[in-house]
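Colleague: below: sequence and its predicted model.
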Number of protein chains: 2
Amino acid sequence: MPETAARTRIQERNISAILDAALEVFSGAGFRGATLDQIARAASLSKPNLLYYFKSKEAIHRALLSELLDTWLAPLHALDSGGEPVDEIVRYAMRKLDMARELPRESRLFANEIVQGAPHILDIIEGPLKTLVDEKASLIRKWAAEGRISEVDPHHLIFSIWATTQHYADFDAQVRGILRPERDRHFDDAARFLTHLYRTALTPD
Amino acid sequence: MPETAARTRIQERNISAILDAALEVFSGAGFRGATLDQIARAASLSKPNLLYYFKSKEAIHRALLSELLDTWLAPLHALDSGGEPVDEIVRYAMRKLDMARELPRESRLFANEIVQGAPHILDIIEGPLKTLVDEKASLIRKWAAEGRISEVDPHHLIFSIWATTQHYADFDAQVRGILRPERDRHFDDAARFLTHLYRTALTPD
DNA sequence: CGTGATCCTGACCAATTGGTCAAACTCTCC
DNA sequence: GGAGAGTTTGACCAATTGGTCAGGATCACG
């Protein structure tokens, strides 16, 4: 665990192996449900070797969360004042839905964390995340004031987009259990449904 | 842990104290994150005394889930073919939102379980729950075929109602963190937003 | 090749956890 | 008030868990 700025090839490889293994384990079991042995096994390393790179279980978890936060919030950052408002919001929802499909482990990592009261990231939620959301909420409110989308509460609009899209990653077990024999094209169906939902609700008059 | 049919007053009191304590602890920490000591403390009982009433941690968890399942699905059961379709569905969403407000622990109990792959209730999801949902989906499809609501995928409509309403219980920490100083009337705002969302999306033409 | 830094491991540890058990206590009901 | 069922507990246990440590293996580099 040397604090040198540059990383050895070995460090590079092992640290990313650990983070990947940790993502797998933490996202499937939550912080407390995950064990260092599981992570070590998944990373093909010995437990003491894990602790050579990260000084504690918490340190791994913290590193994971902060590594992934930017990725996770990128789509909201990309919500731009440039385009056509309704399209812009629908495209945001679609981007989030894509992320639920392609990064389900990341989604579940945050879901686990937040369901249990967000003990490790409350400061981020109340700080940078709140700032970002408030900023985008202003934009949406402006669009509504200009009559370019219908009058909706921007915060709750954003929450509903998070909820409906992340649902397909976080509650995957339930979705699959209920859609059972009807094949795996359910992300396409979800995309169609959500597009309709938000387009009709946001289009003015 | 006598298997007698009728329950002593003491059994009555202690079993419900245990289930209430377990709901508190399991919903806040997940199955694996919860400990018997925590539950025992919350129920004001000794740990061996807990295990006198339930023979294992799993048994407590199982009892909780099955006790709460009916309550949890009642609103969907109540979705009736009688009323005006759009009202009926919007009222279903409102009932679910009320439950998120009044029974957040129950919501988080199920959320924890499902996020982690639903290991203890997969059979219920794939069995009775799927049956119920498929049945209500048929009803919704019928309404759409009759032109009384717009053409939407009924399964994804139901998922989106679950997602948007339970979000306020399951991700409460995040919602509160972001809405921070803006007071606690956010359930009313959510109700208004969701009513608009589903009413506009479901009203035909 | 050698040497210092980096990397890795087996053995070990203290704390926690789910669970057991025999003995003691307490309630109920005749 | 006493007998038997029902209730409670302290002491205990084996397994698991997060974490340490001294020493050995391996790498980079002059």
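Modeller: Yep, it's here. Numbers count the residues shown, from 1 in each chain, chains lettered A, B, ... in the order given.
Colleague: use CA for all of it now, contacts and neighbours both
Modeller: OK.
Colleague: residues of chain A that sit close to DNA strand D?
Modeller: Residues of chain A lying near DNA strand D by C-alpha under 7 Å from any atom of the strand: A:9, A:32, A:34-37, A:47-48, A:51, A:55-58.
Colleague: kindly indicate which of those residues lies nearest B:F193.
Modeller: A:R32 (35.5 Å; C-alpha to C-alpha).
Colleague: now the closest residue to the closest one other than its chain neighbours: how far from B:L202?
Modeller: Setting aside the residues directly before and after it, A:R32 is nearest to B:G33 in space (C-alpha to C-alpha, 6 or more residues apart in numbering or on different chains), at 5.3 Å. To B:L202, B:G33 is 41 Å away according to C-alpha to C-alpha, to the nearest Å.
Colleague: low-confidence ranges, chain A, go.
Modeller: Scanning chain A for pLDDT under 70 picks out A:1-6, A:181-183.
Colleague: up against DNA strand C, what does it have?
Modeller: Contact residues (C-alpha under 7 Å from any atom of the strand) of chain A with DNA strand C: A:1-2, A:4, A:7-11, A:14, A:45-49, A:52.
Colleague: now that we have these, which one has the most neighbours?
Modeller: Using other C-alpha atoms under 10 Å in any protein chain shown as the neighbour criterion, A:N14 leads these with 18 neighbours.
Colleague: quick one: what helix or strand has it in it?
Modeller: A:N14 is located in helix A:9-33, with elements delineated by DSSP states H and E.
Colleague: equivalent analysis for A:H196, please.
Modeller: helix A:186-202.
Colleague: report the angle between the helix holding A:N14 and helix B:9-33.
Modeller: Relative orientation of helix A:9-33 versus helix B:9-33 (axes from the mean of the first three to the mean of the last three C-alpha atoms, to 10 degrees): 170 degrees.
Colleague: could you confirm whether the helix or strand just after helix A:9-33 reaches chain B?
Modeller: Next helix or strand after helix A:9-33 toward the C-terminus (DSSP H and E): helix A:36-43. No. Helix A:36-43 lies out of reach of chain B by C-alpha under 8 Å from any C-alpha of the partner chain, never closer than 14.3 Å.
Colleague: buried stuff in helix A:36-43?
Modeller: A:L36, A:Q38, A:I39, A:A40, A:A42, A:A43 (16 or more other C-alpha atoms under 10 Å in any protein chain shown).
Colleague: in this structure the first one contacts A:K57, no?
Modeller: Yes. Counting by C-alpha atoms under 8 Å, A:L36 sits close enough to A:K57 to count as a contact (6.8 Å).
Colleague: residues touching A:T8, list them.
Modeller: For A:T8, the contact set (C-alpha atoms under 8 Å, 6 or more residues apart in numbering or on different chains) is empty.
Colleague: helix/strand/coil for A:W143?
Modeller: What DSSP: H, G, I helix; E, B strand; the rest coil gives for A:W143 is helix.
Colleague: tell me how many other residues crowd it.
Modeller: When neighbours are counted by other C-alpha under 10 Å, A:W143 registers 18.
Colleague: again with A:R108
Modeller: Around A:R108 there are 27 residues (other C-alpha under 10 Å).
Colleague: wait, doesn't it sit right on A:V25?
Modeller: No. Using C-alpha under 8 Å, A:R108 is not in contact with A:V25, being 10.6 Å away.
Colleague: which SSE is the closest residue to A:F187 other than its chain neighbours in?
Modeller: Spatial nearest neighbour of A:F187, chain neighbours left out: A:R101 (7.4 Å); criterion: C-alpha to C-alpha, 6+ apart. According to DSSP H and E, A:R101 maps onto helix A:85-102.
Colleague: what comes into contact with that helix?
Modeller: Contacts to helix A:85-102, defined as C-alpha under 8 Å, 6+ apart, come from residues A:75-76, A:78-80, A:107, A:143, A:148-149, A:161-162, A:165-169, A:187, A:191, A:194-195, A:198-199, A:202-203.
Colleague: now do it and helix A:186-202, the angle between them.
Modeller: Using the same axes, to 10 degrees: helix A:85-102 against helix A:186-202 is 160 degrees.
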